[in-house]
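Asker: Here's my sequence, what's the structure:
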Amino acid sequence: MSGDQSKWYDRQLSANVVGGLIVAVIVWGVPALISEATKANLPFWAYLVVAGVALLIGSAVIPVWRRATWGNVQRFAKWALAIRPVTAKQRAALIGEGYESHKAEIETERERARQPRWSVSAEDRLMGDMALHWLHNHGYAGYDVRLTADSSEFRTDGEVFFRGQFGDARPGGIIGKYFRGAPTEKGRMDGVTFTVTWLDGHGNDYSRQVFMSPEEIRKGTDSAAEEARSAGWKEGYAHAKEFYENAIAEAEASRLAPIPLPAPRWMVAPENTDEEDVYVLRNSVPRSVAREVRLDADPDFKIVDAGHWQDLSGTETGGASGTFMGVFTPQGITFGVNLSVKWFDEHGNQQVAVLFLRGPDETSTIVNTTLVI
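Answerer: Below you'll find the model as predicted:
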């Protein structure tokens, strides 16, 4: 059903037409009757009074006019009664009260945002990397975390910035993320003061200083090689255990299966010669097979010759070795380097071993050996 369903006298157009006619009749008729009765001409203001009375009666009788007139009067009265004049002193007091209330709300929100607890560690290493450091969060999560330090104490490998959430938002949880860098001589002697900046869950920014003591720095330096050896031994032991378990299972399944030859054991050491920067790569395992052997290194150790040997397989009674020339960078002398040895075994599968060489006059340690059967 469509159209206006109200009564005719409650419609805008009908009310305006009929009301206007009624007001016009009253404004013309009442003064005329008064003039006839008094035999006098009425002044103009008398017509205005009659018109005002007629409009007032219309606004009370006609529904549309009544809602439009008295509804607005009611709203104006409510607005006028709500006005409260204040002095300049009162207005300043109200503004100050509102500011203090807003400030208290902000402080409350800041207190509700539980805080991270930061620390910097130099002890956990990967592959004996002495430039590796860790930023740990022992508390609640922070966001968009940035780590800086005075260049006179610590030099980072580029900007240290962790975008997004850093932490698990649980009390007692520990989350660590690594970055690369090295303390200066001043930092090693006096310690390093890092500055950590971050945002909380409400977008408020924070900044805190974290001190890494000289003892922590020395602890990381001294333990790097040992951790690399330990990690290499554990991983090598796991691979060896898996290797021999598989070999035993295959031997039991088929007595005709050949026993694999032993894997090489690699070592890099300075060559006993009067020449500088000459090293020897030695495979110490007899009967082991190592063909097309290639040696690669970190950027901090430059291999200046081929670093390649066609065959470094062990003999029936001994191993095999090959010499090469290499040069340490100052960074390599300070932190050591990783060397990667690749070769093909008796089945034609490529194998890889990673060695850690601490300095020009040191003997390498095994970091990792990957055996592919």
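
Asker: My read is that residue 146 contacts residue 196, right?
Answerer: Yes: between residue 146 and residue 196 a contact is recorded at 7.4 Å, counting by Cβ atoms under 8 Å. To be clear about C-beta, it is placed using only N, CA and C from the backbone, and glycine gets the same treatment.

Asker: Have a look at the two and say which one is more surrounded.
Answerer: Using other Cβ atoms under 10 Å, the more surrounded residue of residue 146 and residue 196 is residue 196, with 22 against 15.

Asker: Pairing partners for the closest residue to the more buried one other than its chain neighbours in the sheet, please.
Answerer: Excluding the flanking residues, the one nearest residue 196 by Cβ to Cβ, 6 or more residues apart in numbering is residue 118, at 4.8 Å. Assessed by DSSP bridges, residue 118 has beta-bridge partners residue 137.

Asker: What pLDDT is listed against residue 118?
Answerer: On pLDDT, residue 118 comes in at 91.

Asker: Quick one: residues contacting it.
Answerer: 135-138, 196, 208, 210 (Cβ atoms under 8 Å, 6 or more residues apart in numbering).

Asker: let's see it at 7 Å
Answerer: 135-137, 196, 208, 210 (Cβ atoms under 7 Å, 6 or more residues apart in numbering).

Asker: And it, how far from residue 357?
Answerer: Per Cβ to Cβ, to the nearest Å, residue 118 is found 34 Å from residue 357.

Asker: Ok, residue 285 next?
Answerer: 20 Å.

Asker: One more: residue 181?
Answerer: Noted for residue 181: a distance of 21 Å to residue 357, by Cβ to Cβ.

Asker: Between these two, tell me which one has more neighbours.
Answerer: The neighbour comparison of residue 181 against residue 357 (other Cβ under 10 Å) goes to residue 357, with 25 against 18.

Asker: give me the number of residues near the residue nearest to that one when sequence neighbours are not counted?
Answerer: Spatially, and ignoring its direct neighbours in sequence, residue 357 is nearest to residue 364 (4.6 Å; Cβ to Cβ, 6+ apart). For residue 364, the neighbour count with other Cβ under 10 Å is 22.

Asker: do residue 189 as well
Answerer: Residue 189 is flanked by 11 other residues according to other Cβ under 10 Å.

Asker: residues in contact with the residue lying closest to it once chain neighbours are set aside?
Answerer: Spatially, and ignoring its direct neighbours in sequence, residue 189 is nearest to residue 214 (6.4 Å; Cβ to Cβ, 6+ apart). Applying Cβ under 7 Å, 6+ apart, we find residue 214 in contact with 188-191.

Asker: likewise residue 210?
Answerer: Residue 210 neighbours (Cβ under 7 Å, 6+ apart): 118-120, 194, 196.

Asker: distance of residue 282 from residue 132?
Answerer: Taken as Cβ to Cβ, the span from residue 282 to residue 132 is 28 Å.

Asker: ok, the residue lying closest to residue 147 once chain neighbours are set aside - contacts?
Answerer: Once flanking residues are discounted, residue 147 sits nearest to residue 160: 4.1 Å by Cβ to Cβ, 6+ apart. Taking Cβ under 7 Å, 6+ apart, we find residue 160 in contact with 146-147, 179.

Asker: Considering the residues you listed, which is situated nearest to residue 202?
Answerer: Each of the contacts of residue 160 was scored against residue 202 by Cβ to Cβ, and residue 146 proved nearest at 18.2 Å.

Asker: List phi and psi for residue 97.
Answerer: phi -60, psi -40 (degrees, to the nearest 10).

Asker: burial count for it?
Answerer: Under the neighbour criterion other Cβ under 10 Å, residue 97 is assigned a count of 10.

Asker: how close does it get to residue 104?
Answerer: Residue 97 is 11 Å from residue 104, by Cβ to Cβ.

Asker: cool, and residue 266?
Answerer: In terms of Cβ to Cβ, residue 266 sits 68 Å off from residue 104.

Asker: With residue 362 instead?
Answerer: Using Cβ to Cβ, residue 362 is found at 63 Å from residue 104.

Asker: When residue 266 and residue 104 are compared, which one has more neighbours?
Answerer: Higher neighbour count among residue 266 and residue 104: residue 266, with 24 against 10, using other Cβ under 10 Å.

Asker: which ones are touching the more buried one?
Answerer: 281, 283, 341, 353, 355.

Asker: Provide the contact partners of stretch 195-203 at residue level.
Answerer: Contacts for stretch 195-203 (Cβ under 7 Å, 6+ apart): 109, 113, 116, 118, 142-148, 205-210.
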